[in-house]
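Chemist: Would you be able to build a 3D model of this:
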Amino acid sequence: MIIVVLLLLIALKLDCQEMYLDYLIGFVGLLCLASFLVCFYIRQNLILRIEPEEKWLKEGDSVGLKLSVVLPAFHTNIRSVVELKYLQTGLRESRSLLCEESGTVFRFDDLKPGTVRLEIKKVSVSGLLGLVRLPRKIEYSREFNVYPKKAPVNFSMVRKNYIRGEGEILNAKGDDYNEIFEVRPLQEGDDLKHVHRGLSAKYDEYIVKVGSDSRKSYYTYYLSEEEDFSVMLNLLGQLTELRETAVKEEGALMTAIYKGVEKELTYESQLYDLIDEVYADYVPKSPKEKRKAAKQ
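Modeler: Below you'll find the model as predicted:
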C-alpha cells in the first residue's frame with residue numbers, strides 16, 4: 001500500500017498528463033483487486049498442519065508448536081498469532097511469526113507451573129505485493145499442566161510411622177527370617193535356632209542367620225486447602241520432593257490427604273493425577289459452572 005501511495009505522489013509531482021494519471025490509477029486499482037482476490041482465495045482454502053509436542057512438562061521447561069502450510073502452496077505471506085495463557089494467574093505470552101511450508105516452530109521457554117492453554121488466535125493472509133491483508137480466526141486450543149519443581153519439605157505437615165506388611169523389605173537387620181539380611185559368627189544373646197548348619201559345619205564354628213526388617217516406612221502428607229495458588233505450588237513442590245526420597249530411595253509407602261480424602265502415591269502418575277486435581281480447583285469458573293456447583 002505504501003508503494004502505491006508513492007507511485008501516485010511521484011506521478012503528481014512530475015505533473016503527468018491526466019490521461020496517464022488515469023491509467024496509473026486504473027493499474028493500481030487492478031493490482032489491488034488482484035491482491036484482494038488472491039488473498040481471499042488463500043484465506044478460504046488455507047489449511048494449517050499443527051503438530052504439538054507431547055510430553056510431561058515441568059517448571060522451567062519449554063513447549064513448541066509446529067505450524068506448516070498445507071494448502072495453498074503459492075501463498076505470499078501467512079502470519080499467525082499463537083498465545084499461551086496461564087489459567088490460574090491470567091498471565092499471557094504471545095508469538096507472531098510467518099508460517100512456512102517447511103514448518104514454523106513457535107516455542108515458549110521457561111514455563112511457569114499451572115494449567116496452560118495454548119491457542120492459535122488468528123492467521124492473517126497477505127496477497128499480491130501485500131496490498132491487501134485479510135484475517136482469519138483459527139479454532140485451535142490445547143491445555144496442559146506444568147508441574148512444580150521440588151521444594152524443601154516442611155516435616156510439620158508430614159506424618160511418618162512404620163507398618164508391618166507386604167512390599168519391599170528395608171535394607172536393615174530385623175527378625176523376619178523369610179528374608180536373610182546377612183550371616184555372621186555367633187554373638188552373646190543369639191538364638192541357636194537361627195544357626196546356619198551348613199556354614200557352621202564348614203567353618204567349624206557357629207554361624208547364625210540375621211533376618212531382615214519387614215517394616216516399611218509410611219508417610220502421609222497433608223495438603224492444606226484454600227491457600228493462595230503460589231503457596232499451593234510450594235506445597236506441591238514439597239510433596240514432589242518427599243515422594244522422590246520416600247518412595248524412590250526408601251521404598252516407602254506414601255499417601256497425601258487433600259480435601260479430607262487420602263490418595264495413594266505409589267506411582268508417579270498418581271502424583272500427577274493429584275496435582276491435576278489441585279490445579280483444576282484453582283482454575284476460575286464461569287458463572288454457569290458456579291451455579292452448577294452451588295446446586296450440587
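
Chemist: now S126, nearest residue through space, not along the chain?
Modeler: Using Cβ to Cβ, 6 or more residues apart in numbering and skipping the chain neighbours, the partner closest in space to S126 is N77 (3.9 Å). For every residue, glycine as well, the C-beta is placed using N, CA and C.

Chemist: Does that neighbour touch V125 like I think?
Modeler: Yes. Contact between N77 and V125 holds when scored by Cβ atoms under 8 Å: they sit 7.3 Å apart.

Chemist: quick one: the helices in the protein?
Modeler: Listed in chain order, the helices found in the chain under DSSP state H are 2-13, 18-45, 197-203, 229-243, 268-281, 287-295.

Chemist: Looking at N77 and V125, which one has more neighbours?
Modeler: Here N77 and V125 are compared on neighbour count by other Cβ atoms under 10 Å; more neighbours surround V125, at 25 against 14.

Chemist: I'd say the more buried one and I138 touch.
Modeler: No. Here V125 lies out of contact with I138, judged by Cβ under 8 Å, at a distance of 11.6 Å.

Chemist: Overlap in contacts, those two.
Modeler: Here V125 and I138 have no joint contacts, going by Cβ atoms under 8 Å, 6 or more residues apart in numbering.

Chemist: Which positions within the top strand by length along the chain qualify as buried?
Modeler: As far as residue count goes, and with DSSP state E defining each element, the longest strand of the chain is strand 133-147. Along strand 133-147, the positions that meet the burial threshold by neighbour count (16 or more other Cβ atoms under 10 Å) are R133, I138, Y140, F144, N145, V146, Y147.

Chemist: Would you pull up how far that strand lies from the middle of the chain?
Modeler: 16 Å (Cα atoms, centre = their mean, to the nearest Å).

Chemist: Tell me the strands beside that strand, with direction?
Modeler: With DSSP bridges as the test, strand 133-147 is paired with strand 57-58 (parallel), strand 114-126 (antiparallel).

Chemist: Residues touching that strand, excluding its own?
Modeler: Contacts made with strand 133-147 from outside it, assessed by Cβ under 8 Å, 6+ apart, are listed as 36, 39-40, 43, 46, 48, 50, 52, 56-59, 61, 63, 80, 87, 111-127, 236, 240, 272, 275-276, 279.

Chemist: what's the answer for stretch 59-74, then?
Modeler: With Cβ under 8 Å, 6+ apart as the contact definition, stretch 59-74 has outside contacts at 41-42, 45-53, 57, 75, 78, 80, 82, 84, 99-113, 116, 118, 120, 144, 146-149.

Chemist: for it, what is the average pLDDT?
Modeler: When the per-residue pLDDT values of stretch 59-74 are averaged, the result is 86.

Chemist: Return that stretch as PDB; C-alpha atoms alone will do.
Modeler: As requested, C-alpha coordinates have been extracted for stretch 59-74 and formatted as PDB (Å, rounded to 0.1, in the frame of the first residue of the first chain):
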ATOM      1  CA  GLU A  59       8.600 -25.800  35.700                       C
ATOM      2  CA  GLY A  60      11.300 -24.200  33.500                       C
ATOM      3  CA  ASP A  61      10.700 -26.500  30.500                       C
ATOM      4  CA  SER A  62       9.800 -25.200  27.100                       C
ATOM      5  CA  VAL A  63       6.900 -26.100  24.800                       C
ATOM      6  CA  GLY A  64       6.800 -25.900  21.000                       C
ATOM      7  CA  LEU A  65       4.100 -25.900  18.400                       C
ATOM      8  CA  LYS A  66       4.900 -26.500  14.700                       C
ATOM      9  CA  LEU A  67       2.700 -24.900  12.100                       C
ATOM     10  CA  SER A  68       3.100 -25.600   8.400                       C
ATOM     11  CA  VAL A  69       1.000 -24.500   5.400                       C
ATOM     12  CA  VAL A  70      -0.600 -27.400   3.500                       C
ATOM     13  CA  LEU A  71      -2.900 -25.500   1.100                       C
ATOM     14  CA  PRO A  72      -2.500 -23.400  -0.900                       C
ATOM     15  CA  ALA A  73       1.200 -23.600  -1.700                       C
ATOM     16  CA  PHE A  74       1.600 -20.400  -3.600                       C
END
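
Chemist: and the residue nearest to L192 when sequence neighbours are not counted, what does it touch?
Modeler: Nearest residue to L192 in three dimensions, chain neighbours excluded: Y206, at 7.4 Å (Cβ to Cβ, 6+ apart). Applying Cβ under 8 Å, 6+ apart, we find Y206 in contact with P185, L186, L192, V195, S200.
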